[in-house]
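# Turn this into a structure:
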Amino acid sequence: MNRRELMTGLVAIGSLSASAVRAQTPTIGRPAPAARRYVSPAVEAVIAKMRRAIGDPKLSALFEACYPNTLDTTIEMGEVDGRPDAFVITGDIEALWLRDSSAQVWPYLPLVKNDKALQILFQGLIQRQARCILIDPYANAFLKDPAAMTTLKWSIGDLTTMKPGVAERKWEIDSLCYPIRLAHGYLTATGDKTPFDDTWRQAMQVVLRTFREQQRKTDTGPYVFQRKAEAPTETLALKGYGNPTKKIGLIHSGFRPSDDACTYPFLIPSNHFAVVSLRQLAAMSEATGLGAAFAQDCLALAAEVDTALKAHGLIPDGKGGKMWAYEVDGFGNALFMDDANVPSLLALPYLGAVKGDDPVYRATRAAVWSDRNPYFFKGAAGEGIGGPHEGLRLIWPMSLMMRILTSHDDAEIHASLQILKTTDAGTGFMHEAFDQDNPAVFTRAWFAWANSLFGETILDLYSRKPSLLA
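Here you go, the predicted structure:
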């Protein structure tokens, strides 16, 4: 079984119809207290508060199950050299993705300053991610044992430089952005410099070097990847370097945050994310000991990429204006679509890349939530964005959450909440994807990122629009 076969194994809840599944009484589904992997008093307090704040029993049950799911089921704590170490699995895959692990703990960040347990968790994850980057900045996923070779069946035969400790070696720009986002968020929330030691500083130097390498201004760079697979999105063209580009200052990405290969290597949402991350890294440089010269290098690269995005990342919106492409090659070719995985075009304001009221973003947002996007699906169960990773007809709840997080429209938010509330197939959890007509058909019953993001979405609404939850 390869990864795609694992992910696309559709799960049916007996022979129930979609309406029967929706009518079921929801179950909370949390592990018994003694079986929970990690406990935060602050998180438990939030759950108790939200139990009183959310008027809809089904929505309340979903929040209570989803919000703590990362802590309940995915944390493996330890020590390295006497310091905390946090290994955070995705859920159903025993590996740490730099992207997923960062996003999984992100909703707990507002609580971290006053909760020692969360501080230890964040310190341990920031340190673990730094060590992972030093193993291989081109890898997207890592094993708990840094001396072990990959145990993921789909990665064992990959034609690339697989190192001990690496679970999968797909180069994705966002894999290096997310650890910066997490570190910046932690430092901003706490002022605690504990995790920012020589190891972390060395990892950040490697991040900057890798981004510059993947501008590929003078050569193809050191990264190649090929996989023997039936799906073309599992491998890279042209001997593992990807499709050709004109060198315009953007950063190449082999793969999208879905772990699917890019059609054109300049992935626009991920380049936007890199600009944000580089500026965050520069802002942290003095406090973390990276220095003023390093900060200036980060800002210079961010400015270069930002200029290139504005020069080469925009396409006509068909209404006399401009919108963002999803991928470009620098020769004038562009792909328009969006994928539910973040970074996405829809998620640009969520990541701090653009303002939510920016006209170009508004045009882009309207287009990705329409039939202009080949991965926008609409059926009896709801509407939303999917992606080629799971295929046609499959809506990712993550896209609905991101629609809510980037919206101020009450009707739009309410409609998206209703879809999320009625498409869990009675399991009490979010899934990776569900069929547009039958939510009893879904992928990944244990997908912690989606659960965490749902918790974050509900808390965001509680702060912005509590009446929609009452």
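
# Tell me if L459 really is in a helix.
Yes. L459: assigned to a helix according to DSSP: H, G, I helix; E, B strand; the rest coil.

# Run a quick check on it versus Y108, I expect a contact.
No. Using C-beta atoms under 8 Å, L459 is not in contact with Y108; the gap is 10.1 Å. All C-beta spots, glycine's among them, are computed from the backbone N, C-alpha and C.

# what about these two, which has more around it?
Higher neighbour count among L459 and Y108: Y108, with 24 against 19, using other C-beta atoms under 10 Å.

# Find the residue closest to the more buried one in space, skipping its chain neighbours.
Spatially, and ignoring its direct neighbours in sequence, Y108 is nearest to L118 (5.5 Å; C-beta to C-beta, 6 or more residues apart in numbering).

# Same question for R227.
T235 (4.4 Å).

# got it, and T199?
In space, T199 is closest to A130, 5.1 Å off (C-beta to C-beta, 6+ apart).

# Same question for G428.
G29 (3.9 Å).

# host element of the one you found?
Using DSSP states H and E, G29 sits within no helix or strand.

# so how far is K58 from it?
Using C-beta to C-beta, to the nearest Å, we find G29 at a distance of 13 Å from K58.

# what residues are up against K217?
K247, G249 (C-beta atoms under 8 Å, 6 or more residues apart in numbering).

# Look up the pLDDT of it for me, please.
We have a pLDDT of 96 for K217.

# Next, it: secondary structure please.
Per three-state DSSP, K217 ends up coil.

# repeat for the one 3 residues further on
Look at T220: counting by three-state DSSP, its state is coil.

# That one: how many residues sit nearby?
15.

# from memory it sits against G240, does it?
No. Using C-beta under 8 Å, T220 is not in contact with G240; the gap is 9.7 Å.

# And the helices in the stretch 351-470 of the chain, which stretches?
359-368, 397-405, 410-421, 448-464 (DSSP state H, counting those that start in this stretch).

# Show residues contacting the shortest one.
Okay, so that is helix 397-405. Taking C-beta under 8 Å, 6+ apart as the rule, helix 397-405 contacts 340-342, 344, 346-347, 350, 369, 382, 384-386, 412-413, 416-417, 419-420, 423, 430-434, 449-450, 453-454, 456-457, 460-461.

# Now the buried members of those.
Among the contacts of helix 397-405, those that count as buried by neighbour count (16 or more other C-beta atoms under 10 Å) are 340-342, 344, 346-347, 350, 369, 382, 384-386, 413, 416-417, 419-420, 423, 430-434, 449-450, 453-454, 456-457, 461.

# so where do the strands sit in the stretch 301-450 of the chain?
314-316, 322-324, 327-328, 334-335, 376-378, 383-385, 394-395, 433-435, 441-443 (DSSP state E, counting those that start in this stretch).

# Tell me which of those lies nearest to A282.
Nearest to A282 among these is strand 322-324 (23.8 Å), distances taken as C-beta to C-beta.

# Return the list of helices and strands in contact with that closest one.
Contact partners of strand 322-324 among helices and strands, from 3 or more C-beta pairs under 8 Å, 6 or more residues apart in numbering; DSSP states H and E: strand 314-316, helix 359-368.

# buried residues in the first one?
Meaning strand 314-316. Under 16+ other C-beta under 10 Å, the buried positions of strand 314-316 are L314, I315.

# And for stretch 202-220?
A203, M204, V206, V207, L208, T210, F211, E213, Q214, Q215, R216.

# In JSON lines, list these along with distance to T70.
Below are the buried residues of stretch 202-220 laid out as JSON lines (distance: C-beta to C-beta, whole Å):
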{"residue": "A203", "distance to T70": "23"}
{"residue": "M204", "distance to T70": "25"}
{"residue": "V206", "distance to T70": "27"}
{"residue": "V207", "distance to T70": "24"}
{"residue": "L208", "distance to T70": "29"}
{"residue": "T210", "distance to T70": "27"}
{"residue": "F211", "distance to T70": "28"}
{"residue": "E213", "distance to T70": "32"}
{"residue": "Q214", "distance to T70": "30"}
{"residue": "Q215", "distance to T70": "34"}
{"residue": "R216", "distance to T70": "36"}
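
# Span of stretch 151-158 from start to end?
Length of stretch 151-158, first residue to last, C-alpha to C-alpha, to the nearest Å: 12 Å.

# tell me which residues of that stretch are tucked away?
L152, W154, S155, D158.

# Verify the stated contact: the residue nearest to G428 with M430.
No. The criterion here is C-beta under 8 Å, and G29 misses it with M430 at 11.3 Å.

# Point to the helix or strand of the chain where mean pLDDT is at its lowest.
When the helices and strands of the chain are scored by mean pLDDT, DSSP states H and E, helix 18-23 comes last with a mean of 29.

# quick one: contacts of whichever helix or strand comes after that one?
Next along the chain after helix 18-23, taking DSSP H and E as the criterion, comes helix 41-53. For helix 41-53, contacts defined as C-beta under 8 Å, 6+ apart pick out 60, 63-64, 67-68, 71, 108, 111, 114-115, 117-118, 458-459, 462, 466, 469-470.

# burial count for the residue nearest to R227?
19.

# Check the one 10 residues further on too.
Other residues within reach of T245, judged by other C-beta under 10 Å, total 18.

# Over to it. Which of the three states is it?
coil.

# wait, what's in contact with R279?
Contacts of R279 (C-beta under 8 Å, 6+ apart): C298, L299, A302.

# In terms of helices and strands, where is it?
helix 268-288.

# what angle do that helix and helix 359-368 make?
Here helix 268-288 runs at an angle of 130 degrees relative to helix 359-368 (axes from the mean of the first three to the mean of the last three C-alpha atoms, to 10 degrees).
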